[in-house]
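Participant: using only what follows, build the 3D model:
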Amino acid sequence: MKVLLVLFVSFLLSLLGYKSFTGSWNLLISGNIALCIMMCFAASGHFAFTKGMEMMIPKFVPFKKAIVIGTGVMEVIAGLGLLFDQTRSAAAIFLIAFFVLILPANIYATIHHIDLQKGDFNGPGTRYLWFRIPMQLLLISWAWYFGIRLMA
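Facilitator: From the prediction side, this is the model:
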């Protein structure tokens, strides 16, 4: 998935960039820069694929477009919050909760074969969960490790 590629490449580039400018490795900064970039990348989908994202929300939930746009904005703000010592752990805790809370929407989307980029019902279906659930666990672990654990 593209978001993981963005996460890992951003981590590697920021790690190497930090090392080349300072002469030392900094996992804390690099891990948080990478997650920030990934969150901004993921948030862009909320604005580019609003219709498909709205389809991921069950029919009985009102204000779908506002929820999609609002969560995109929250992803950007939380990602940026990872970059500052004063807000890092709060942003990481928010993202951990967010990753847990969006999993049902991803399960709903896979059950209904929603292709969020095309905004139709020709998505990959439940086989996508074999990728999505471990990815959610990785993102939760990443936010905890770089946003909370390394701060202690």
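
Participant: pLDDT below threshold where in the chain?
Facilitator: Within the chain, the stretches with pLDDT under 70 are 151-152.

Participant: neighbouring contacts of stretch 136-152?
Facilitator: Residues outside stretch 136-152 that contact it (CB atoms under 8 Å, 6 or more residues apart in numbering): 4, 7, 27-28, 31-32, 35, 82, 85, 88-89, 91-93, 95-96, 99-100, 102-103, 106. Yep, even glycine has a C-beta here, placed from its N, CA and C like the rest.

Participant: what sits closest to the most centrally placed residue in the chain if chain neighbours are left out?
Facilitator: By CA atoms, centre = their mean, the chain has its centre lying nearest to residue 39, at 4.5 Å. Once flanking residues are discounted, residue 39 sits nearest to residue 79: 3.2 Å by CB to CB, 6 or more residues apart in numbering.

Participant: tell me how many other residues crowd that neighbour.
Facilitator: 22 (other CB atoms under 10 Å).

Participant: check residue 94 too.
Facilitator: The burial count for residue 94: 19, using other CB under 10 Å.

Participant: you'd agree it is in a strand?
Facilitator: No - counting by DSSP: H, G, I helix; E, B strand; the rest coil, residue 94 falls outside a strand, being helix.

Participant: ok, the nearest residue to it once chain neighbours are set aside to residue 22 distance?
Facilitator: Distances taken as CB to CB, 6+ apart put residue 78 closest to residue 94, at 5.1 Å, once the chain neighbours are dropped. Using CB to CB, to the nearest Å, residue 78 is found at 26 Å from residue 22.

Participant: so between the two, which is more surrounded?
Facilitator: Higher neighbour count among residue 78 and residue 22: residue 78, with 24 against 10, using other CB under 10 Å.

Participant: mind listing the strands for this structure?
Facilitator: Taking DSSP state E, the chain contains no strands at all.

Participant: phi and psi next, for the residue sitting furthest away from the middle of it.
Facilitator: Most distant residue from the mean C-alpha position of the chain: residue 23, 29.9 Å away (CA atoms, centre = their mean). Main-chain dihedrals, residue 23, degrees, to the nearest 10: phi 90, psi 0.
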